[in-house]
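>>> Below: sequence and its predicted model.
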Amino acid sequence: MVTAALFLGLMQGPPAETTGRIVTAHQWVERLGRTMGDSIWPGFRPDTMPVAYVVPGQGTLLLSWRGELPQGFLPIAGLAGGGWRSSADRGAASTGTELDGRPTPQVVVNDSAGVASLVGLTTHEAFHVFEAASKREGKRFGRGENSFLVTSYPVFDPQNEAGMALEGRILAAAEQAETKARKRTLARQFLAVRESRQRALGAELADFEQLAELNEGLAEYTLVRVVALAARQRDFPDRTGAARLQTGKLTGLHKLTEDVKLSIRLRYYATGPALGLLLDALEGPSWKTRLITQNLTVQEALAEASGYRTQEEGLRRQAESTFVIAKLRSAADSGVAGLRAYRRAQVDSVLAVPGVQLVLTVEGRALGLCGIDPQNLLQVEPGVLLHTRWLQACAGDAFQATFNTPVVQDRNSQSLRAVVGADSSVTVTTGAQGDVRIESPVVSLHATKAEVSRDGRVLTVKIKS
C-alpha cells in the first residue's frame, strides 16, 4: 500500500501517518468507484478523477493525476500520479476546484478524519464534479440551489421550525423501520408534513430546499452509500468509523433544527441522504435513473415511489381518457409550432423596417433591464423576447437607454436589437474615454465606456466593463 519511498518523497510534507491515511482512503475510493460505481450512482466514476487533499497549514497532496503535474507540485517517489505542494492553505474548503483546467475534487483533511470519513468526503466532492459535468439546460440535476436564500430563510418562524423537526423525526423512524410497508407509510407521512410546511414557506424557498437536497443532499447520499459499501468489504480498515458515521446521520435527523451554530443549509445534508436511502428501500436503484430522465427532485421521486400521488394520478388518467388528451396534445403541438413561426416572422418584420439597426451588447456582465411593459412583451423562443413598444435598459451608471420602438432582446447573447430611425434622424456622439450618446426620435442612449462601429445599416454599440 503506502511505501517507505513514498514517505521519503514527502519529507517536507505532512506526517507519514496523515499521508498513509489519505492514500489508503483514496485507494478505497478508486477501488469502489472502479468495481461499484453504478451502485453509488449510475455513470459515476470517482476512480477516474484526480483528487487534491489539503492538509491545513502544510500543503496539498495530489493523487491520481494523469500526465505532467500542475505547476508547483513536486512528484512523489513511489506514488505514480502523486504530487505535493507546500503551502499554508488555511482558508481552503472541501469543494470542487480546477487544476490546469481540469475539474478536481478538493478535500480538506482534518486531524480527526479517519479513513471512512475521508472515503466519504472524497466521494461527496467527486460527485459534485460529476454533477457539474452532467448539467444540462432546463434540467435540475447539477443546477444547484440559490444559496443566497439562506439570508432570508425564516429561521425565527416556530411553525416552520417545528415542521422541519417533525420531518427529521419521521425520516429517522423510516430509516429504522423494519418492513417496506412501514417505510412506505412513513414516507407518505413525511410528504404530507413537508408539502404542508412548504406551502406556508412559499414557492421560492420550497424550491431552494428541494434543490439543496438535489445538490448537497445527493452528494451526501453518495458519501453515506460509498461508506456503507466499503464497510461490507472484509478488508476495510475503518469499520468503526463507518458505523460512527451512520449513527451520526441518524442522530442528525433527530436533532435537525437543534444545532444553532450551523447554517440551515446543512439540514439538507441530513435530509438528502435519508430520502435517498428511503428510495433505495422502496424502489431499489432505478429511482436514480428516473430522477434524471424525468427531471425530478428527490422529494418528487419519493412521492412517486411511495404511491403518495396514486389517487391524483388515477384522477388525472380518468380526465385524460374522458376528454381525449391525445387529440388535445396534437392540437397543442400544432398550435405551438404555429406560434413559433408567427413570432419569428414578427421579429423578422420588426428588424426589416428601413433605417438604422442598433445592436447593443455588453462585455463581462449581464444586460440589465430597469423598465419593461409586460403587456407588450412576447416570447419568441427560449431566451429571446420581443418588446413591442417600449423598454428601458441599464447597467448601473455605466449605461442607460430608453427605447420607444420594438426591441428584440436575446438573453443568450446579452444583446438588444432595434431599428431606431432613418440615418438623418440618428445622432451619434462620441467623447473621451469611450463616452457615447445616441439620440433619435425613438431612442436615447448614454454609455460612459463603449465602442461604436458601423457596418452598412447596422450600428453596433459594445458596452465595456
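That came through fine. Numbering: from 1, shown residues only.
>>> so how far is Thr151 from the residue nearest the centre of the chain?
For the chain, Gly144 is the residue whose C-alpha lies nearest the centre (CA atoms, centre = their mean; 2.2 Å). When CB to CB, to the nearest Å is applied, the distance between Gly144 and Thr151 equals 16 Å. In this view, the C-beta of every residue, glycine as well, is placed from N, C-alpha and C.
>>> returning to that earlier point: ok, the residue nearest to the centre of the chain touching Glu213?
No. Applying CB atoms under 8 Å, one finds Gly144 not in contact with Glu213, separated by 11.5 Å.
>>> Residue ranges of each domain in the protein, please.
4-134, 147-315, 354-463 (automatic domain parsing).
>>> For the ones you listed, could you give me JSON lines that also reports mean pLDDT and distance to Val336?
Written out in JSON lines, the entries for the domains of the chain read as follows (pLDDT from 0 to 100; distance: least, CB to CB, whole Å):
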{"stretch": "domain 4-134", "mean pLDDT": "88", "distance to Val336": "28"}
{"stretch": "domain 147-315", "mean pLDDT": "95", "distance to Val336": "19"}
{"stretch": "domain 354-463", "mean pLDDT": "92", "distance to Val336": "11"}
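>>> what's the closest of the ones you listed to Lys327?
Ranking the domains of the chain by distance to Lys327, with CB to CB as the measure, places domain 147-315 first at 19.7 Å.
>>> Can you show me the helices along the stretch 1-150 of the chain?
4-9, 16-40, 115-134 (DSSP state H, counting those that start in this stretch).
>>> so where does Glu258 fall, helix or strand?
Using DSSP states H and E, Glu258 sits in no helix or strand.
>>> Kindly report the same for Leu385.
With the criterion set as DSSP H and E, the secondary-structure element containing Leu385 is strand 384-387.
>>> Buried residues in the next helix or strand after that strand, which are they?
Using DSSP H and E, the helix or strand that follows strand 384-387 towards the C-terminus is strand 391-394. Buried residues in strand 391-394, counted by 16 or more other CB atoms under 10 Å: Leu391, Gln392, Ala393.
>>> and if you look at stretch 118-136?
The neighbour-count check on stretch 118-136 (16+ other CB under 10 Å) flags 118-131 as buried.
>>> export the residues you listed to a markdown table and tack on distance to Ala93?
A markdown table is the format used below for the buried residues of stretch 118-136 (distance: CB to CB, whole Å):
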| residue | distance to Ala93 |
| --- | --- |
| Leu118 | 15 |
| Val119 | 19 |
| Gly120 | 16 |
| Leu121 | 11 |
| Thr122 | 14 |
| Thr123 | 17 |
| His124 | 12 |
| Glu125 | 10 |
| Ala126 | 15 |
| Phe127 | 16 |
| His128 | 12 |
| Val129 | 15 |
| Phe130 | 19 |
| Glu131 | 17 |
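>>> from these, which is closest to Glu161?
The closest of the buried residues of stretch 118-136, once distances to Glu161 are taken by CB to CB, is His124, at 26.6 Å.
>>> name the element Thr402 belongs to?
Assignment of secondary structure by DSSP H and E places Thr402 within strand 399-403.
>>> packing partners for the helix or strand Gly248 falls within?
Per DSSP H and E, Gly248 falls inside helix 239-254. Contacts defined by 3 or more CB pairs under 8 Å, 6 or more residues apart in numbering; DSSP states H and E place helix 239-254 against helix 115-134, helix 158-176, helix 218-231, helix 268-283.
>>> can you give me the angle the last one makes with helix 158-176?
With axes from the mean of the first three to the mean of the last three CA atoms, to 10 degrees applied, the angle from helix 268-283 to helix 158-176 works out at 40 degrees.
>>> Would you mind giving the orientation angle of helix 268-283 with respect to helix 218-231?
60 degrees.
>>> Please point out which parts of helix 268-283 sit buried.
Under the neighbour-count criterion of 16+ other CB under 10 Å, helix 268-283 has 268-279, 281-283 buried.
>>> Name the nearest residue to Thr123, ignoring sequence neighbours.
In space, and not counting its chain neighbours, Thr123 is closest to Val226: 4.3 Å by CB to CB, 6 or more residues apart in numbering.
>>> I'd like the next helix or strand past the strand holding Thr402.
The helix or strand immediately downstream of strand 399-403 is strand 407-410, counting by DSSP H and E.
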